[in-house]
Every structure is written in C-alpha cells, then in structure tokens.
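J.: following is a predicted model, sequence given first.
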Amino acid sequence: MKLKLFLAAAFGILFAVSCKKELNNPVFDYDKLGQGAYLTLASTQNLNFNAANLPASVGITVKKVGSPIEKVNVFVVDDGSADQTWKLVKSVPFTGDSIMLSATGTEVAKALGYTAVDFLPGNTLTFFNQVVTTDGIIYDIKNTGLNVNAPDFNSSFTWTAAVVCPFTGGAAGDYEVIDDSGWADYGAGTVITGAVTDGPGANQITLHVYPNPAFGDPVNPMIVNIDPATGAATVPEVKYGDYGGTIVSAKGSGFVFSCTGVITLTLTHISYGNYPLVLKKL
C-alpha cells in the first residue's frame with residue numbers, strides 16, 4: 001500500500017492516508033475538501049488620504065485565488081482610536097479575476113461616524129478585506145490561519161492608508177517640543193526659538209534643534225526634504241552635532257504637515273538608536 005499525502009498548504013491542512021481503500025471515506029477524499037478563497041495584492045493605487053480633500057480615494061487592486069468570489073466586504077478601523085471594532089465601508093461585487101478595492105474619505109467618515117476634523121494627519125487607517133464566496137462562505141484575516149497570511153502568499157486581507165496633508169511651505173518659526181523623550185535634549189513643552197527655517201531649496205526646511213546648546217554645538221544643519229503632495233519627509237544622514245568632542249550623525253523620516261504645523265520625525269542617531277522628535281509650530 002502506498003502512502004499518499006494531501007496538503008492544502010494555503011490553509012495549513014495535512015492529510016496522511018496509508019491505505020488506498022480509505023480514499024472511499026469522504027472524510028479523507030481530497031476532492032470533497034473545501035477549496036477556500038483569498039485575495040492577493042496586484043498593485044496599490046493610492047495609500048494616502050488628503051485630509052483637505054476627503055472626496056479623494058485610496059485603493060488597491062487585488063486578484064482572487066481559489067473558489068469563485070461573490071463579493072468583498074471592506075471594513076476600516078482608525079489606528080489612533082480606542083475603538084477597534086471593524087466598521088463596514090462598502091461591499092464590492094467581484095467580477096473577473098481582479099478588481100480595485102477603493103474607499104473615499106467621505107465613505108470612511110460615514111463608516112467611522114467622523115467629520116472632516118476627525119481625520120488627523122499622521123494617523124493611519126487599517127482596512128480589512130472580507131471575502132464572501134458564491135456558496136456563502138466567508139474568509140478574512142481572522143479565520144484563514146497563519147499560513148495563508150504569511151508573506152509568501154502575498155495575501156491581501158488587510159492594508160493601511162495614512163492621513164496626510166500637502167506641504168505648502170512657510171514652516172519657519174518658533175516651535176514647542178511635544179516629544180523628545182528618547183534623545184532627551186529637551187523636555188516636553190520647551191519652546192525653541194527659531195527652531196525651523198525655510199529652505200535652503202524648494203520643499204526643504206532646516207532644523208535648528210540639535211544639539212541643545214546646553215549639551216553641545218552644531219556641526220552641520222539638519223535639512224529635511226519634503227514631498228509637497230503628502231508632507232512625507234526624509235532627513236539625509238548628516239553629522240549634525242558635537243557633544244563634548246563626540247560627533248553625532250543622524251538620519252530619519254516622518255512628516256511635515258502644513259495644515260497642522262506639526263513636524264513628526266523618527267531620527268536614527270547613528271550608533272545610539274531610533275528616537276522620536278515631534279514639534280508644533282507656535
């Protein structure tokens with residue numbers, strides 16, 4: 001008698017059959033096992049919500065794998081909210097082999113019970129795709145197991161979008177320190193006069209923050225490059241400060257939001273670690 005193995009890899013089911021006659025038992029009949037269904041990510045259309053233009057949409061394109069799919073229910077949660085209950089945004093009929101799943105800010109606001117002021121730049125929204133097959137079976141991230149949600153499957157049961165606002169310049173001025181708890185050159189609430197100047201180039205600002213004069217001397221300016229469409233920011237690596245004879249470098253990324261006057265960065269101080277810097281314009 002030959003040993004036969006049946007592996008439903010996507011859903012982590014392994015059947016070992018040691019005797020051919022046992023295949024007549026429907027429990028061990030591979031053809032009678034449910035196939036299941038899931039989505040794979042084909043491409044991203046847009047993953048940034050413009051807080052100033054809520055009718056605009058975010059979305060991804062997905063492909064189907066497995067059983068025929070009737071529709072996809074799209075849910076959302078606000079990662080910055082204490083309420084993590086999935087809220088239904090819409091149900092999208094599934095036709096063909098792939099579809100685009102999208103949601104406007106208006107649709108998300110209705111699902112969450114939000115108004116425009118509740119879309120806070122810097123927050124992220126997590127979307128959950130729930131597959132409903134033509135025979136009425138539901139598959140989502142909660143019931144498909146670790147295997148199908150592993151990176152190799154490229155499954156798309158969940159995706160995130162960031163709330164952003166365009167960078168319009170005019171960032172120069174005095175700033176209050178909201179968070180410097182990691183690097184700790186400043187305490188929360190400290191006001192830094194002339195913390196930011198505009199330039200030197202278009203869509204750039206210069207930080208005059210580190211080192212705190214009480215702890216060291218500046219070496220090179222820390223320049224921040226900003227995507228004008230989203231406020232996304234990058235800080236190229238720079239030797240910025242002399243702390244008592246020790247030259248410290250940093251690089252990082254984050255956001256500079258003109259609509260709120262908030263700068264949120266995560267800076268990697270080379271050889272020391274990653275620390276947040278959050279400033280708010282006065």
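T.: Cool, the structure landed.

J.: pLDDT score for Pro166?
T.: With respect to pLDDT, Pro166 has a value of 91.

J.: also Ser249?
T.: Confidence for Ser249, expressed as pLDDT, is 98.

J.: which residues touch the residue nearest to it when sequence neighbours are not counted?
T.: Leaving aside its sequence neighbours, Ser249 sits nearest to Ile270 (C-beta to C-beta, 6 or more residues apart in numbering; 4.3 Å). Any C-beta I mention is one placed from the backbone N, CA and C, and that applies to glycine too. Applying C-beta atoms under 8 Å, 6 or more residues apart in numbering, one finds that Ile270 lies in contact with Glu237, Val248, Ser249, Ala250, Lys251.

J.: contact partners for the first one?
T.: Contacts of Glu237 were listed using C-beta under 8 Å, 6+ apart, and they are Ser249, Ala250, Lys251, Ile270.

J.: by neighbours, which of the residues you listed wins?
T.: The member of the contacts of Glu237 that has the most neighbours, counting by other C-beta atoms under 10 Å, is Ala250 with 23 neighbours.

J.: kindly provide the distance from that residue to Ile223.
T.: Going from Ala250 to Ile223 by C-beta to C-beta, to the nearest Å gives 11 Å.

J.: returning to that earlier point: for Gly113, state which of the contacts of Glu237 is nearest.
T.: Within the contacts of Glu237, proximity to Gly113 (C-beta to C-beta) peaks at Lys251, which comes in at 39.6 Å.

J.: was I right about the closest one contacting Pro236?
T.: Yes - the pair formed by Lys251 and Pro236 meets the contact definition of C-beta atoms under 8 Å, at 6.2 Å.

J.: distance of the residue nearest the centre of the chain from Asn48?
T.: By C-alpha atoms, centre = their mean, the chain has its centre lying nearest to Thr160, at 4.4 Å. From Thr160 over to Asn48 the distance is 11 Å, taken as C-beta to C-beta.

J.: buried residues in stretch 155-168, which are they?
T.: For stretch 155-168, a neighbour-count test (16 or more other C-beta atoms under 10 Å) marks Ser155, Ser156, Phe157, Trp159, Ala161, Ala162, Val163, Val164, Cys165, Pro166, Phe167 as buried.

J.: residue ranges of the helices in this protein, please?
T.: Taking DSSP state H, the helices of the chain run over residues 105-112, 145-148.

J.: residue boundaries of the strands in the stretch 151-282 of the chain?
T.: Here the stretch 151-282 of the chain has its strands, by DSSP state E, counting those that start in this stretch, at 158-164, 173-179, 191-198, 204-207, 217-218, 222-226, 232-243, 246-257, 262-269, 273-281.

J.: rebuild these as a markdown table, extending it with distance to Val76.
T.: Supplementary listing: those in a markdown table, determined by distance: least, C-beta to C-beta, whole Å:
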| stretch | distance to Val76 |
| --- | --- |
| strand 158-164 | 9 |
| strand 173-179 | 27 |
| strand 191-198 | 34 |
| strand 204-207 | 32 |
| strand 217-218 | 44 |
| strand 222-226 | 27 |
| strand 232-243 | 22 |
| strand 246-257 | 21 |
| strand 262-269 | 22 |
| strand 273-281 | 25 |
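
J.: quick one: which of those has the weakest pLDDT on average?
T.: Per-segment confidence across the strands of the stretch 151-282 of the chain bottoms out at strand 158-164, which has a mean of 93 in mean pLDDT.

J.: only alpha carbons, please: show that one as PDB.
T.: Listed next in PDB are the C-alpha coordinates belonging to strand 158-164 (Å, rounded to 0.1, in the frame of the first residue of the first chain):
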ATOM      1  CA  THR A 158      -5.600  43.900   5.300                       C
ATOM      2  CA  TRP A 159      -3.900  47.100   4.100                       C
ATOM      3  CA  THR A 160      -3.300  50.600   5.500                       C
ATOM      4  CA  ALA A 161      -3.600  54.200   4.400                       C
ATOM      5  CA  ALA A 162      -2.100  57.300   6.000                       C
ATOM      6  CA  VAL A 163      -3.900  60.600   6.600                       C
ATOM      7  CA  VAL A 164      -1.700  63.400   5.100                       C
END
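
J.: for that strand, name the packing helices and strands.
T.: Judged by 3 or more C-beta pairs under 8 Å, 6 or more residues apart in numbering; DSSP states H and E, the packing partners of strand 158-164 are strand 37-46, strand 48-50, strand 124-133.

J.: try it again at 7 Å.
T.: Under the contact criterion of 3 or more C-beta pairs under 7 Å, 6 or more residues apart in numbering; DSSP states H and E, the helices and strands touching strand 158-164 comprise strand 48-50, strand 124-133.
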